[in-house]
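Chemist: fold the following, please.
(one chain, ligands or ions: 1)
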Amino acid sequence: MNEIKIFTPATIANVSCGFDVLGMALDTIGDEMLIRKVPEKGVKITKIIGQNLPLETHKNVAGVSALALLAQIDCEFGFEIEIDKRIKPGSGIGSSAASSAGVVWAINELLGKPFNSSDLVRFAMEGERLATGVAHADNVAPALFGGFTLVRSYEPLDIISLPTPKDLYATILHPQIEIKTADAREILKTTVSLKKAIKQWGNVGGLISGLYEEDYDLIGRSLEDFIIEPIRSILIPAFDTVKQQSINSGALGGGISGSGPSIFALSKGEETALKVADGMRSVYEKIDIDYEIHVSKINKKGIRILKY
Ligand code: ADP
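Modeler: Numbers count the residues shown, from 1 in each chain. Got it, this is the predicted structure:
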């Protein structure tokens with residue numbers, strides 16, 4: 001096998017109450033990448049379509065993640081990367097993570113899988129470090145593992161794959177404004193009151209239990225963030241109205257996707273998820289900001305091969 005074409009998914013990090021630890025993969029939104037073995041050693045990005053992103057290996061998260069992997073083995077050849085970038089950078093649905101995770105997954109396939117998923121997360125985190133200044137794993141883990149993931153610990157890295165209830169759908173509204181992850185981190189407080197922490201870990205436990213039990217009502221009750229959302233939502237136009245309208249339209253709950261500006265809602269069944277999309281649209285139709293809306297099942301598999 002000399003080249004591989006993959007689909008690498010968009011992801012929703014944090015999932016409301018799980019800042020920096022929870023994430024989930026989407027099924028219908030993602031990038032395509034082509035990775036090819038070449039005789040020259042090293043990593044070269046030869047083509048990017050869809051978005052204006054750096055081709056220089058050290059400036060692109062795909063290049064940096066690939067180099068992190070190659071630093072761990074003695075490889076007699078190199079790799080060329082082509083990216084069809086469909087997830088807009090800065091959207092909050094893991095644009096950088098899709099590239100970081102996708103490239104290391106594909107190279108691992110081309111090498112005959114010398115690395116396990118946790119190794120791949122570690123390499124892809126180096127791409128995230130380039131994009132945001134922090135080597136977080138809450139987007140790259142679900143892209144690589146599929147479904148929902150929990151980063152139980154960063155040191156040592158301990159990622160838990162969680163079950164995905166079969167009728168769970170996400171609706172995402174992406175206002176076409178840019179919020180840099182680094183800026184969205186800057187405004188956060190560094191301390192949390194015990195009162196809020198108690199509510200928050202109750203919800204994280206509730207959400208995880210809801211996923212295991214396929215208890216959609218429990219999932220809905222647990223989708224509440226007392227710590228990050230009250231601060232970050234100020235950056236997102238009409239956030240509270242969109243969230244309330246989603247719930248009125250039948251969503252279980254929702255919140256900010258990653259560091260925003262995208263807003264997500266989870267629903268039981270596609271029909272409800274589409275109604276939620278209509279509800280979100282009705283709010284943004286009245287605002288002078290362009291937007292996109294996506295509806296997707298939760299992706300249980302993560303990255304997948306399109307062509308060898
Ligand atoms: P998102 O949450 O959508 O991933 P981020 O703000 O975390 O958005 O990351 C986007 C940043 O990463 C942008 O500054 C972008 O220029 C940079 N970047 C570098 N390489 C890539 C890539 N291959 N895909 C997406 N973003 C990239």
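Chemist: CA atoms for contacts and neighbours, from now on please.
Modeler: Fine.
Chemist: output the below-cut-off pLDDT ranges for the stretch 151-300 of the chain.
Modeler: Regions of the stretch 151-300 of the chain meeting the criterion pLDDT under 70 are absent.
Chemist: residues of it that sit close to the ligand?
Modeler: Residues of the stretch 151-300 of the chain lying close to the ligand by C-alpha under 6 Å from any ligand atom are 180-181.
Chemist: all helices for the stretch 151-300 of the chain, in order.
Modeler: 181-186, 194-213, 216-222, 229-232, 239-248, 270-284 (DSSP state H, counting those that start in this stretch).
Chemist: and stretch 139-157, end to end?
Modeler: End-to-end distance for stretch 139-157: 14 Å, by C-alpha to C-alpha, to the nearest Å.
Chemist: which positions within that stretch qualify as buried?
Modeler: 139-151 (16 or more other C-alpha atoms under 10 Å).
Chemist: the closest residue to the ligand within the stretch 101-250 of the chain sits in which helix or strand?
Modeler: Across the stretch 101-250 of the chain, no residue is closer to the ligand than Ala131, which sits at 3.9 Å (C-alpha to the nearest ligand atom). Here Ala131 sits within helix 117-132, counting by DSSP states H and E.
Chemist: quick check: mean pLDDT of that helix?
Modeler: Regarding helix 117-132, the rounded mean pLDDT is 96.
Chemist: how far does it sit from the chain's center?
Modeler: Relative to the centre of its chain, helix 117-132 is centred 13 Å away, using C-alpha atoms, centre = their mean, to the nearest Å.
Chemist: and it, C-alpha only, in CSV?
Modeler: This file holds the C-alpha atoms of helix 117-132, laid out as CSV (Å, rounded to 0.1, in the frame of the first residue of the first chain):
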residue,chain,number,x,y,z
SER,A,117,-4.5,4.6,19.3
SER,A,118,-3.0,6.2,22.5
ASP,A,119,0.3,6.7,20.7
LEU,A,120,-1.5,8.4,17.8
VAL,A,121,-3.4,10.7,20.2
ARG,A,122,0.0,11.8,21.6
PHE,A,123,1.4,12.6,18.1
ALA,A,124,-1.7,14.4,17.1
MET,A,125,-1.7,16.5,20.3
GLU,A,126,1.5,18.1,19.0
GLY,A,127,-0.5,19.5,16.1
GLU,A,128,-3.1,20.8,18.6
ARG,A,129,-0.2,22.5,20.4
LEU,A,130,0.7,24.3,17.2
ALA,A,131,-2.9,25.4,16.6
THR,A,132,-3.9,26.6,20.1
